[in-house]
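> sharing a sequence plus its predicted fold:
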Amino acid sequence: MVTVALAARALFRPGNPSVVHVVGLSDRPRAIFRSADMVRIELSQEGFARLLDRLEASFAPATPLQDLGPGLYGPSLFFRGADTFHIFNVCNHWVARLLSAAGLPTAPVLATMPRGLLLDLKLRSGLTPL
């Protein structure tokens, strides 16, 4: 159960291990996450390859990957991440780094919150919400 104390510890204590939450989708993202804010991103082959390289680097090096158990919904799983988690490195920062690797400009401060990341993508990359 997530508590205020647990959330505060995760955000403000240095050195928290991170996880990568992975889920396969059986339909288009828009059909599954109907109320989520989304943008369509078109990438070059090179940009997509860089994004995949950065994604692969997100997992802690292990063979096989360290499965930490069931995720938050459906068949999702958590895996040990390579980074640490803290207020300056939350999930939206991770997404921003993936997008930056793909060639889209992002700003870490705006990426702290989902709406800030969406605003950044709109202002600097011309992407519009679906």
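Alright, I've got the coordinates. No experiment lies behind these values; they were computed from the predicted model shown.
> so which residue is dead centre in the chain?
The structure's the chain has its C-alpha centroid closest to Val95; by CA atoms, centre = their mean the separation is 3.8 Å.
> which strand or helix spans that residue?
Using DSSP states H and E, Val95 sits within helix 91-101.
> before we move on, the earlier item: how near is the residue nearest to the centre of the chain to Ala62?
23 Å (CB to CB, to the nearest Å). Any C-beta I mention is one placed from the backbone N, CA and C, and that applies to glycine too.
> which SS state does Asp83 fall under?
Here Asp83 is strand, with the state taken from DSSP: H, G, I helix; E, B strand; the rest coil.
> any idea how many residues pack against it?
For Asp83, the count of nearby residues is 17 (other CB atoms under 10 Å).
> just to revisit the earlier point, the residue nearest to the centre of the chain and Met113 touch, don't they?
No: the criterion here is CB atoms under 8 Å, and Val95 misses it with Met113 at 11.6 Å.
> tell me where the chain has strands.
Ranges of strands within the chain are 16-22, 67-70, 77-85, based on DSSP state E.
> okay if I get these as a markdown table plus mean pLDDT and distance to Thr128?
Below are those laid out as a markdown table (pLDDT from 0 to 100; distance: least, CB to CB, whole Å):
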| stretch | mean pLDDT | distance to Thr128 |
| --- | --- | --- |
| strand 16-22 | 92 | 26 |
| strand 67-70 | 90 | 35 |
| strand 77-85 | 93 | 30 |
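> closest one to Leu118 among these?
Between Leu118 and these, the shortest separation by CB to CB is 19.4 Å, and it involves strand 16-22.
> pLDDT below threshold where in the protein?
1 (pLDDT under 70).
> do a quick rundown of the helices in it.
For the chain, the helices defined by DSSP state H cover 4-12, 29-32, 45-57, 91-101, 114-125.
> quick one: contacts for Leu127?
Leu127 makes contact with Val39, Arg40, Ile41, Leu121, according to CB atoms under 8 Å, 6 or more residues apart in numbering.
> likewise Leu11?
Leu11 neighbours (CB under 8 Å, 6+ apart): His86, Ile87, Val90.
> now which of the residues you listed would you call buried?
For the contacts of Leu11, a neighbour count by 16 or more other CB atoms under 10 Å gives the buried set as His86, Val90.
> fine, thanks again, bye for now.
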